[in-house]
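**Q** Turn this into a structure:
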Amino acid sequence: MTDTRTDGRAVDELRPVTIERGWSAHAEGSALITFGGTKVLCTASFTNGVPRWLTGKGKGWVTAEYAMLPRATNSRNDRESIKGKVGGRTHEISRLIGRALRAVVDTKALGENTIVIDCDVLQADGGTRTAAITGAYVALADAIAWGRQKKFIAQRSEVLIDSVSAVSVGIIDGTPMLDLAYVEDVRAETDMNVVVTGRGLFVEVQGTAEGAPFDKRELDQLLELGVNGCAQLRDLQTAALSD
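**A** Predicted coordinates:
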């Protein structure tokens, strides 16, 4: 059991997190989010109209795509576009981000509009999917504000019913820890991603015993760490959007 980590953080401490809102000059909403060494650029593109399967239903659509730059990690990976197919991990994370965002969107209030969030990992040091969700929410909020300004969304429509953020937790050497860097993630006996709304409600919990199985007490400790971490991230999102 330990109370400190290789980078000197306490077990319940986030890495330094920054959210640079409006990073892209072209996208309707954008945010460059940093969790320690992990950096993800989230851009939100607003389109008036919906996919054909939603036409005439009075609802909008929010979806997401996730990708990593070839040299986001310590060795180069070929672009998936060159390989000719999108990998299973990329599909899974893209769908996770989309689900997380749609959990806090009133699609009727959005109207027949589509917002696509692109989350591109510039540098990876653990927790890329959770950073992507947290940054994507900020980009989404700005894209919705843009749509309202352009009168694609009714002025009084409350499209966002809550905020959403996400963080990783895990058990290392028997100790539950918050926001795992890569060197911790690869050693974790249990690895979990927690997606939580601003009100503290769970959207998704992804957890796996990489080594020894975990018991309910450990699960409860991990969830508490995750909820507390997401509450801090919610406050950082609120601060970024109030600038």
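
**Q** Point to the helix or strand of this structure where mean pLDDT is at its lowest.
**A** helix 80-83 (a mean of 71; mean pLDDT, DSSP states H and E).

**Q** could you point out which element follows the helix or strand encompassing residue 141?
**A** Here residue 141 is covered by helix 128-149, with elements defined by DSSP states H and E. Counting by DSSP H and E, the element after helix 128-149 in chain order, helix or strand, is strand 164-172.

**Q** in the helix ranked longest in the chain, what's buried?
**A** Longest helix of the chain, by residue count under DSSP state H: helix 216-242. Neighbour counts over helix 216-242 (16 or more other C-beta atoms under 10 Å) mark 218-219, 221-223, 225-230, 232-234, 236-237, 240-241 as buried. C-beta: built from backbone N, CA, C; applies to glycine.

**Q** Could you give the bridge partners of residue 33?
**A** residue 19, residue 40 (DSSP bridges).

**Q** That one touches residue 15, doesn't it?
**A** No. With contact defined as C-beta atoms under 8 Å, residue 33 does not reach residue 15; the gap is 11.4 Å.

**Q** higher neighbour count, those two?
**A** Between residue 33 and residue 15, residue 33 has the larger neighbour count (other C-beta atoms under 10 Å), namely 30 against 20.

**Q** Do you know the pLDDT at the more buried one?
**A** On the pLDDT scale, residue 33 is placed at 98.

**Q** How about the contacts made by it?
**A** Going by C-beta atoms under 8 Å, 6 or more residues apart in numbering, residue 33 touches 17, 18, 19, 20, 39, 40, 42, 131, 132, 134, 135, 138.

**Q** now with 10 Å?
**A** Residue 33 makes contacts with 17-21, 23, 39-42, 119, 130-139, 233, 236-237, 240, as judged by C-beta atoms under 10 Å, 6 or more residues apart in numbering.

**Q** Narrow the residues you listed to those that are buried.
**A** Using 16+ other C-beta under 10 Å, the buried members of the contacts of residue 33 are 17, 19-21, 23, 39-42, 119, 130-139, 233, 236-237, 240.

**Q** Excluding its own residues, what touches stretch 207-227? List them.
**A** For stretch 207-227, the surrounding residues in contact (C-beta under 10 Å, 6+ apart) are 11-12, 130, 166-172, 174-179, 185-196, 200-202, 205.
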